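# Okay, sequence plus prediction incoming.
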Amino acid sequence: MDIKKLLQKQDIEQIKKLLTDSRPSFEVQREDAMKQYKVDDHDINDASIRKDKQITKDTGTFDAEGNPVTQTSTVAVARVAIPFQKLIVERRIGFMLSIPVELELKNENVAGDKGNDLVSMIDDIQDRNKMEYKNKEIARRLMSEMEVAEAWYVVENKLKEPKYDLRVSIFSPEQGDTLYPLFDGTGDMIAFGREYKTKSGDKSIEHLDVSTAEAEYRFVKGDTGWALDKEQTPNPIPNQFQKIMIVYYQQPYPEWNDVQSMIDRLETIISNHADMNDYYGSPMLKVSGEVQGYASKGEQGKIIQLTEGSEADYLALASEPSSIKMELENLQNFIYAMSQTPDITFERLQGVGNLSGVALELMFMDAHMAVRGKEEIFGIGLQRRVNILKNAIGKLIDTSFADVSEKALIVPKLTPYIPAAFSELLQNLQLSIDAGIMSKETAIKLNPYVKDPESEIDLIEGEENMGAIDLYQKAGITAPSGDDFSTKIKTK
């Protein structure tokens, strides 16, 4: 079925069927993934899965036949849920996006200075939309909900230039959105649908928006069924960009999927151990025989008086639970290792000491490999965003960039986070300058303490010039003036 023909016919039922049948498949149901992600919904907290204990107590009374009367009651078991899933997601985001995404112009020889200006305009649009922070939200929703979309749209600037600007919205299942990406045989997106609900008083209204490269159709479900939303004019809305302004991110399972069974086992063992502590953590006296009397509260040299042949001692574990400790440690180690999540807790790092840059890279190599693997999904989405923005700039925001927006190859660059070994870096920069394999200008640009390399270069050159002038003044000679003097100083 052709989505464009169905949209022209406004055959909503067939449109919904096509979009539903084409939805990506996931290896884990979203409802299950979100139960795993939200610590309060873990299986360990589910009384139907980890059942409370039923115990029988002697009431101290007897029935008519002289048999003791017992009573059954429920005792709550320990439930210790651990948010390992959130930890894995947040660590991945931290290593992937703590250093903001940078844009790199790959073909400056083709795009020229105009290409660099285009990069700056894209950066400005992203800054105004706070994308440094929204990138983290998108990544978090992708890794937990398994799908998320960002939709770009035009707003008009009434008080400043340029006349138009771009804004972004984020859609995801946890926000009540059902997402319907539709791809052709080559993997290109040919349509995107979003189903959602709005409130009108006490009434809930269903909506379905479908975007193509030509137009956006907005449907609403009324008393007589689905139809184009009459409150939206025009409808369909022409797409002046001739490109779907939506980036769709999707992965087949949540970020922690490979270690979920280990997390379940860890929670079970810790909860069972907590139950054991509840029973044996406080002294429990065991008496065999008959007790004749007890010591009073606070009495010195407390004793229990027993009849002849009776015994009393404390219940205790037969042996220390070393096997439990070993399994807990193994599970934690496997969870960190198999999810490529570094264990950077204070306890682990307090004895590490001052590591070199190479040692730090080796320590976090697994986390960096995980980030590089994530580029396969997240990086592609960032690249599509860049393509959308440069197309929008050339077609509407500033048409003087129409030609360069087609020629410029702009690539987003993800830089995995690593703790900086600044002293070692500065030493290496100085060694490179002394060896003649790096210029001072390049070293200044690589210096992490320098925020504005161009201004810093000017300041250093100015200080060098001032130093030469001071020498003239100390010798009692009038220093030369003008550009010729500055040029000689710079040459020296």
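Alright, I've got the coordinates.
# Check the offset of the host helix or strand of residue 328 from the chain's centre.
Secondary structure assignment for residue 328, by DSSP states H and E: helix 322-338. When C-alpha coordinates are averaged (C-alpha atoms, centre = their mean, to the nearest Å), helix 322-338 and its chain have centres 25 Å apart.
# Touching it from outside, list them.
84, 258-259, 262-263, 265-266, 269-270, 273, 341-343, 366 (C-beta atoms under 8 Å, 6 or more residues apart in numbering). Just so you know, the C-beta spots here come from the backbone N, C-alpha and C atoms, and that holds for glycine as well.
# same question, stretch 432-446
Contacts to stretch 432-446, defined as C-beta under 8 Å, 6+ apart, come from residues 425, 429, 430, 450, 453, 456, 457, 460.
# Enumerate every residue touching the last one.
When contacts are counted by C-beta under 8 Å, 6+ apart, residue 460 is found next to 440, 444.
# tell me the phi and psi of it?
phi -60, psi -40 (degrees, to the nearest 10).
# repeat for the fourth one
Taking degrees, to the nearest 10, you get phi -100, psi 120 for the backbone angles of residue 450.
# Which residue comes closest to it once chain neighbours are left out?
Sequence neighbours aside, residue 456 is the residue nearest to residue 450 in space, at 4.8 Å (criterion: C-beta to C-beta, 6 or more residues apart in numbering).
# wait, that neighbour sits on residue 449?
No. The criterion here is C-beta atoms under 8 Å, and residue 456 misses it with residue 449 at 9.3 Å.
# out of these two, which sits in the more crowded spot?
residue 456 (16 against 9; other C-beta atoms under 10 Å).
# which stretches of the stretch 301-450 of the chain have low pLDDT?
Within the stretch 301-450 of the chain, the stretches with pLDDT under 70 are 301-306, 314-320, 346-361, 363, 419-426.
# can you pull out the helices in it?
Ranges of helices within the stretch 301-450 of the chain are 322-338, 346-349, 357-363, 365-374, 380-392, 402-407, 422-434, 440-446, based on DSSP state H, counting those that start in this stretch.
# Report the buried residues of the helix holding residue 328.
Within helix 322-338, the residues that count as buried by 16 or more other C-beta atoms under 10 Å are 328, 331, 332, 335, 336.
# Could you list every helix and strand in contact with the longest strand seen in the chain?
Secondary structure of the chain per DSSP state E: the longest strand is strand 189-200. Contacts defined by 3 or more C-beta pairs under 8 Å, 6 or more residues apart in numbering; DSSP states H and E place strand 189-200 against helix 12-21, strand 147-156, strand 178-183, strand 203-211, strand 246-250.
# most tightly surrounded among those?
strand 246-250 (a mean of 22; mean count of other C-beta atoms under 10 Å).
# Give me the distance between it and the centre of its chain.
That offset, for strand 246-250, works out to 15 Å (C-alpha atoms, centre = their mean).
# quick check: angle from that strand to strand 189-200?
Strand 246-250 and strand 189-200 are oriented at 90 degrees to each other (axes from the mean of the first three to the mean of the last three C-alpha atoms, to 10 degrees).
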